[in-house]
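[1] Following is a predicted model, sequence given first.
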Protein chains: 4
Amino acid sequence: MIFVLKPEVPQEIIERFQRHIESGGFQTFLSTGTEHTVVCLIGNTAAIDMDAVVQNHDFIDYGKRVTEPYKAVNRSVHPEDTMINIGGAIIGEGMFQIIAGPCSVESEAQIIEVARSVKASGAAMLRGGAFKPRTSPYSFTGLHEEGLRLLLKAKKETGLPVVTEIMNQTQLPLFEEIDVIQVGARNMQNFDLLRAVGRFNKPVLLKRGLANTLEELLMSAEYILSAGNSQVILCERGIRTFETATRNTLDLSAIPLLKKKSHLPVIVDPSHAAGIRGLVAPLARAAVAAGADGLMIETHNDPARALCDGAQSLDLLQFGELMKDLKRRIAFEGKTGGASLMKTGRTI
Amino acid sequence: MIFVLKPEVPQEIIERFQRHIESGGFQTFLSTGTEHTVVCLIGNTAAIDMDAVVQNHDFIDYGKRVTEPYKAVNRSVHPEDTMINIGGAIIGEGMFQIIAGPCSVESEAQIIEVARSVKASGAAMLRGGAFKPRTSPYSFTGLHEEGLRLLLKAKKETGLPVVTEIMNQTQLPLFEEIDVIQVGARNMQNFDLLRAVGRFNKPVLLKRGLANTLEELLMSAEYILSAGNSQVILCERGIRTFETATRNTLDLSAIPLLKKKSHLPVIVDPSHAAGIRGLVAPLARAAVAAGADGLMIETHNDPARALCDGAQSLDLLQFGELMKDLKRRIAFEGKTGGASLMKTGRTI
Amino acid sequence: MIFVLKPEVPQEIIERFQRHIESGGFQTFLSTGTEHTVVCLIGNTAAIDMDAVVQNHDFIDYGKRVTEPYKAVNRSVHPEDTMINIGGAIIGEGMFQIIAGPCSVESEAQIIEVARSVKASGAAMLRGGAFKPRTSPYSFTGLHEEGLRLLLKAKKETGLPVVTEIMNQTQLPLFEEIDVIQVGARNMQNFDLLRAVGRFNKPVLLKRGLANTLEELLMSAEYILSAGNSQVILCERGIRTFETATRNTLDLSAIPLLKKKSHLPVIVDPSHAAGIRGLVAPLARAAVAAGADGLMIETHNDPARALCDGAQSLDLLQFGELMKDLKRRIAFEGKTGGASLMKTGRTI
Amino acid sequence: MIFVLKPEVPQEIIERFQRHIESGGFQTFLSTGTEHTVVCLIGNTAAIDMDAVVQNHDFIDYGKRVTEPYKAVNRSVHPEDTMINIGGAIIGEGMFQIIAGPCSVESEAQIIEVARSVKASGAAMLRGGAFKPRTSPYSFTGLHEEGLRLLLKAKKETGLPVVTEIMNQTQLPLFEEIDVIQVGARNMQNFDLLRAVGRFNKPVLLKRGLANTLEELLMSAEYILSAGNSQVILCERGIRTFETATRNTLDLSAIPLLKKKSHLPVIVDPSHAAGIRGLVAPLARAAVAAGADGLMIETHNDPARALCDGAQSLDLLQFGELMKDLKRRIAFEGKTGGASLMKTGRTI
């Protein structure tokens, strides 16, 4: 059950209302949007007389029963799209952003060359792994702290906000200057990590697990929002099926379904889904058409020598060509985006 | 191994060449395109000296070893796209066609109302089931011969070519006037049916099975082509995965992959894939952007009362709205299509 | 809804009752067991006053509402296990039978050698494919009619009942002397074939499709029973999953679930499920322990030279060794079985 | 590549050999078995002249090239079964152990009642969750430290070693007195956690992820062994498939496959796989017959009131009945096990 409050209710009154509700044996938490504040109740709310509560508290606009197991991420709680401002690049509600960069940060020369090139092509953010989850204990696992340092150097050089993956909550202090913390597919149900990034005041890019349903993805986002952080970007990156022609099966139905059920922005990672360079462009185009809010595209200055995932990386020229095509398509969808957004002055 | 012949080799010489090859213990079959004829050899061709064969037969242009298990459907055998002319509506190589109509033909009034409306909206073909595969023996299985008769009546009224599903090869004589024979997902590996439609001179719409790989789909198409019928349209319609939010998971990677490996046209059925009306439009848009050659969209004059699959059918108004959007998108992709094509005079 | 009749109701009275029910807009069919006859009603039975029907017809013992979509195969319709007598080898209700033989009948010498050997080891039935479904149109598809002839010759030599696969309903006349007609995994939802074998008076071995749920398997069996043939053996043979270490994933949960929901016997084919010879024995042992009524095990006199599926076939010696072990296990479970059953004189 | 050393080589010589190898650009680690020590080399070993290395170092017995990506868990590195002694209960190589207990520790009375009862029935270890991974942030997540305390109290009362799940590596200090640390299915690829338990000197129960292949499971075990801890028990607990009749599909092929490829013990959790109480007994029987080394069975004193997973829990009486049956089956397989083992005096 949720109660949508009228505008400009003083914080003190809201807290008194929360304590009142909690004294009845429920959990509560606030969802604070740009337009209104919502008080969410968790627990067996069947016995609550919702209309009486609304009538007894004149600062409540209306109440609503929410039957899905997710509350804070539910669009019925927050009907407008969530917009997230990442160092000036806004994602959500018609603002489309492209994140590009290599699987792993490998050297200063590499990450700066990639950053400059993808920025010139129109990417709005730089990705690059410093801590890499690898199936084998003997594989390259990234440059760790040094990787984060190089990423921040590339940010300083280009102004691009940076996205990088966290492996466990003890690493959080290292992520203070990172713009977006990525929670990878294998950690989508690492609940302690979800709670920890929920208490950290940074945008989170939450990737769908290989074998997780959309409802489970929303429940994992709920962990983050219910801990206090509402800046979550959902990312579809392919699921595991019997088909072996692609590494995973990209589930583009996820875009309209997630956007219907939730107010959070949804992006697509066609590179990891397909695992094949030649499929990145058609799947990226399809994701734009299906209504995604952004893309994450693996791009490397020298894919043949990449330390991981080279087979799915575009080179800088290929990425530039794809960006020209994608810009036309983003405009066709009536959306705006790209690094130039930072100069549009639009704020949230 | 294949041998691509020079233009205009007399039939008699080709047959003599086939007998010569077959005397060495191989099977052969012909793939006859608009531009050249290809002789395909099946068997362990490792021991054949391909260059010697080419030098000894001056009507051979060149030879090629094909390592994939599919030969006739292989793009390396037939590098240009296959175009299929269905009563004037051409599909393939930049010609995009939309097939619309109800799951089942239910009555004369219904099918004619739907046919007129979808034609007016720009559909190029009419679909409608007369023989319906149903999980339960107690469900409605279509109007059978009467369904075919009504479909042909709608064709006569509107000029739209018709597509309908066959359940087994003994029904073939009933399909003489049908324009496209659909082999459904559950029959994708009904090999006797595949051979039978391969000997029948009609375009075939071959749907991917729920649990079949793309290679298996191409092998099933190979059954049809190797039996002599090269007019095959492949159709992606979703695969079975663990995700329960949609009926099946639409695998749009199938489009670029199939088009890379094969010369056959590829269409998408978003209605059966999703099983949810609200997903049809976004998935249709994504399919156009991913490079499909057409769409098959379930459309009903009264979805709430449809005898099957009503939950996924668009009504006539919704279909009309979607068509307006899709026409802009088809044009954006630099393709042409729709019923008006019949007047463009373009032929194959 | 079902009505269980009292013993020895005359046929004439039953038919009059069926016509009475059908006049109300329902379908009916009979399930005739050894102990009682059941009249099944199909249709929206919500409005029927079941108790009134029972009171008004004194030949009815009791009525029952059945909510599952399958009726005739439902254990609530037929609480005792169905037993099927195949040329003296009885399967079901404590009678465990093993079917052995090659993937394909290849020659008279081969099938007779295999038949003699597996009989000596204790197999109760001989399997061997005459019509083989193959993914590729260029693969060996069996010896066809000649294969059936050789199988019947092996039956004559050894007395073993024979099991072989049908590909389509036009082949049924060829199967007059075959003891068990196998409907393969790819044909599990070939509904016209199911209806046809349902009208043929022979035991049917129905294999679960690669991507079919247990409910769909029961619905396919329902096609056969509702057409009049209640001699159906269900066969679990592995489903398609993401795991590539085995050809399919054998789902042994199917055994207790199918036996709970249905009265039909359930056997397991570990050879096709695993696709690896070394897994056949442990999976066969597991199937016995999980409550299966039988096993189908691929056995070849020379697996290295088998024309198909050699990698999963046991040789005759390996099969003999496995049978010694399985006999101990069948006895441990308190069951009986094997070719010797034919001499027990137990009849149904 | 591995080098198996002769018995009783002094530690100093082994370390000098490791430094020698590492100076050539390889990683090395030791696998120390009861009978011999193995030096594993990681890296591109193609250029190493293995025979020369053996000839030049007389303390090496023989060398072997291992092509699988997993080395330390590979049976070719360690041909005999690994046996793990858990507080006197030995698992592996003919020693079969049953772990029982509730999903969650709920109260002192509950866990002690369950512990006493399952011990009396013959269980060798007690399980009980103190930290519970839950899909929803609003579900009960266990009693945390208090849960561990109660579990240790139950251990003290009954003498049963205890198994409980860890959620992240910062909890390790709390697990000092726990006998077996469980890494759950959702954490199977939480690589930092795997490394951390690899540096902790406790047996680890590693559950297969819902969508992980057997090779990935072995690679995750490799993380633990390569970090120095060779006491790993693998656990099959069902994978995610399209089938919805069971919560997951138990993959019993995993048992013979894992035992062929690796020397580690393999147990099965039928309770979580099926999610249905009635399937636990048949699947447990099947696991014994397929060659498992143990079982983990959810057991609760009052399943109807369990705070989680009640639908799959056996009550104490049901568990007692199942144990009587399983003991006969374990003996039939020629294995020994159960709490009484602690008195056999057999040690490793």
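    Now that the structure is in, tell me what you want to look at.

[2] List the buried residues for whichever helix or strand A:Gly63 is part of?
    If you go by DSSP states H and E, A:Gly63 is part of strand A:60-64. Within strand A:60-64, the residues that qualify as buried are A:60, A:63, counting by 16 or more other CB atoms under 10 Å in any protein chain shown. The C-beta positions use only the backbone N, C-alpha and C, and glycine is treated the same way.

[3] Can you give the contact residues for that strand?
    The contact list for strand A:60-64 (CB atoms under 8 Å, 6 or more residues apart in numbering or on different chains) reads A:1-6, A:36, A:50-51, A:53-54, A:76-77.

[4] And chain D, is the host helix or strand of A:Phe17 touching that?
    Using DSSP H and E, A:Phe17 maps to helix A:11-22. No - using CB under 8 Å from any CB of the partner chain, helix A:11-22 stays clear of chain D, with a minimum separation of 13.7 Å.

[5] Can you list the buried residues in that helix?
    Those would be A:14, A:17-18, A:21, for helix A:11-22 by 16+ other CB under 10 Å.

[6] right, and the helix or strand after that helix?
    Once helix A:11-22 ends, the next helix or strand along the chain (criterion: DSSP H and E) is strand A:27-32.

[7] Please point out which parts of that following strand sit buried.
    Buried-residue list, strand A:27-32, by 16+ other CB under 10 Å: A:28-31.

[8] And the residue of the stretch 1-150 of chain A closest to chain B?
    Nearest residue of the stretch 1-150 of chain A to chain B: A:Glu68, at 11.7 Å (CB to the nearest CB).

[9] can you tell me how far the closest residue in space to that residue that isn't next to it in sequence sits from A:Ile2?
    Spatially, and ignoring its direct neighbours in sequence, A:Glu68 is nearest to A:Asn74 (5.8 Å; CB to CB, 6 or more residues apart in numbering or on different chains). Relative to A:Ile2, A:Asn74 is positioned 8 Å away (CB to CB, to the nearest Å).

[10] intersection of neighbour lists for these two?
    Common neighbours of A:Asn74 and A:Ile2 (CB under 8 Å, 6+ apart) are A:Val66.

[11] Near A:Met1, how many other residues are there?
    Neighbour count of A:Met1, defined by other CB atoms under 10 Å in any protein chain shown: 21.

[12] Just the pLDDT at it, thanks.
    You'll see A:Met1 listed with a pLDDT of 85.

[13] can I assume it is in contact with A:Met50?
    Yes - between A:Met1 and A:Met50 a contact is recorded at 6.3 Å, counting by CB atoms under 8 Å.

[14] where do the contact lists of these two overlap?
    A:63, A:65.

[15] quick one on the thing from earlier: could you redo the contacts of strand A:60-64 as a markdown table and give each row secondary structure and distance to B:Ala196?
    Formatted as a markdown table, those follow (DSSP: H, G, I helix; E, B strand; the rest coil; distance: CB to CB, whole Å):
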| residue | secondary structure | distance to B:Ala196 |
| --- | --- | --- |
| A:Met1 | coil | 60 |
| A:Ile2 | strand | 59 |
| A:Phe3 | strand | 65 |
| A:Val4 | strand | 62 |
| A:Leu5 | strand | 68 |
| A:Lys6 | coil | 70 |
| A:His36 | coil | 64 |
| A:Met50 | helix | 63 |
| A:Asp51 | helix | 66 |
| A:Val53 | helix | 68 |
| A:Val54 | helix | 67 |
| A:Ser76 | coil | 53 |
| A:Val77 | coil | 56 |
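
[16] Return the residues of chain A in contact with chain C.
    So far as CB under 8 Å from any CB goes, chain A lies against chain C at A:211, A:240-242, A:244.

[17] Need the max-distance pair from the buried residues of strand A:27-32.
    A:Thr28 and A:Ser31 (10.6 Å; CB to CB).

[18] any common contacting residues for those two?
    Common neighbours of A:Thr28 and A:Ser31 (CB under 8 Å, 6+ apart) are A:Cys40.

[19] domains of chain A?
    A:2-64, A:84-343 (automatic domain parsing).

[20] What's the local residue count around the residue of chain A found nearest chain D?
    Proximity of chain A to chain D (CB to the nearest CB) peaks at A:Ala211, 2.9 Å away. Other residues within reach of A:Ala211, judged by other CB under 10 Å, total 24.

[21] That one and A:His263, how far apart?
    Counting by CB to CB - A:Ala211 and A:His263 are separated by 25 Å.

[22] where are the low-confidence patches of chain A?
    A:33-35, A:338-348 (pLDDT under 70).

[23] run the last query once more with 50
    Confidence mapping of chain A against pLDDT under 50 gives the ranges A:339-348.

[24] Point out the residues in chain A that sit beside chain D.
    Counting by CB under 8 Å from any CB, chain A sits next to chain D at A:27, A:42-43, A:69-70, A:133-138, A:141, A:167-170, A:186-187, A:189-195, A:209-211, A:216, A:219, A:222-223, A:226-227, A:240.

[25] Can you select the buried ones from the residues you listed in PyMOL?
    This is how PyMOL selects the buried members of those, with burial counted by 16+ other CB under 10 Å:
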select buried, chain A and resi 42+43+69+70+133+135+136+137+138+141+167+168+169+186+187+189+190+191+192+193+194+195+209+210+211+216+219+222+223+226+227+240
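
[26] Buried ones in stretch A:222-240, by neighbour count?
    So, applying 16+ other CB under 10 Å, buried residues of stretch A:222-240: A:222-227, A:229-240.

[27] out of the residues you listed, which are inside helices?
    A:222-226 (DSSP state H).

[28] Against chain B, how distant is the residue nearest the centre of chain A?
    Compute the mean C-alpha point of chain A, and by CA atoms, centre = their mean the closest residue is A:Ile233, 1.8 Å away. Noted for A:Ile233: a distance of 19 Å to chain B, by CB to the nearest CB, to the nearest Å.

[29] now check the longest helix along chain A, is it near chain B?
    When chain A is parsed with DSSP H, its longest helix is helix A:316-332. Yes - on the criterion CB under 8 Å from any CB, helix A:316-332 is in touch with chain B at A:329, A:332.

[30] Neighbours of A:Arg305, how many?
    10.

[31] Same question for the one 10 residues further on.
    Residues within reach of A:Asp315, counting by other CB under 10 Å, total 19.

[32] now the end-to-end length of stretch A:158-165.
    20 Å (CA to CA, to the nearest Å).

[33] err, stretch A:231-245, not the other one
    End residues of stretch A:231-245 are separated by 35 Å (CA to CA).

[34] Let me see the backbone angles for the closest residue to A:Lys327 other than its chain neighbours.
    Closest residue in space to A:Lys327, ignoring its immediate chain neighbours: A:Gly122 at 6.2 Å, by CB to CB, 6+ apart. Torsion angles at A:Gly122 (phi, psi; degrees, to the nearest 10) stand at phi 120, psi 10.

[35] Please report how far A:Gly122 lies from C:Leu225.
    A:Gly122 is 63 Å from C:Leu225, by CB to CB.

[36] on that earlier part again, right, so of the domains of chain A, which gets closest to B:Cys103?
    Across the domains of chain A, closest to B:Cys103 is domain A:84-343 (CB to CB), at 19.7 Å.

[37] just the helices in the stretch 201-348 of chain A please.
    In the stretch 201-348 of chain A, the segments counted as helices under DSSP state H, counting those that start in this stretch are A:214-226, A:254-261, A:270-274, A:277-290, A:316-332.

[38] ok, and for the second one, which residues are buried?
    If you call a residue buried by 16+ other CB under 10 Å, then helix A:254-261 has these buried ones: A:254-259, A:261.

[39] Please identify which pair of those residues lies farthest apart.
    Greatest spacing in the buried residues of helix A:254-261, by CB to CB: A:Ile255 and A:Lys261 (11.4 Å).

[40] Brilliant, that's me finished.
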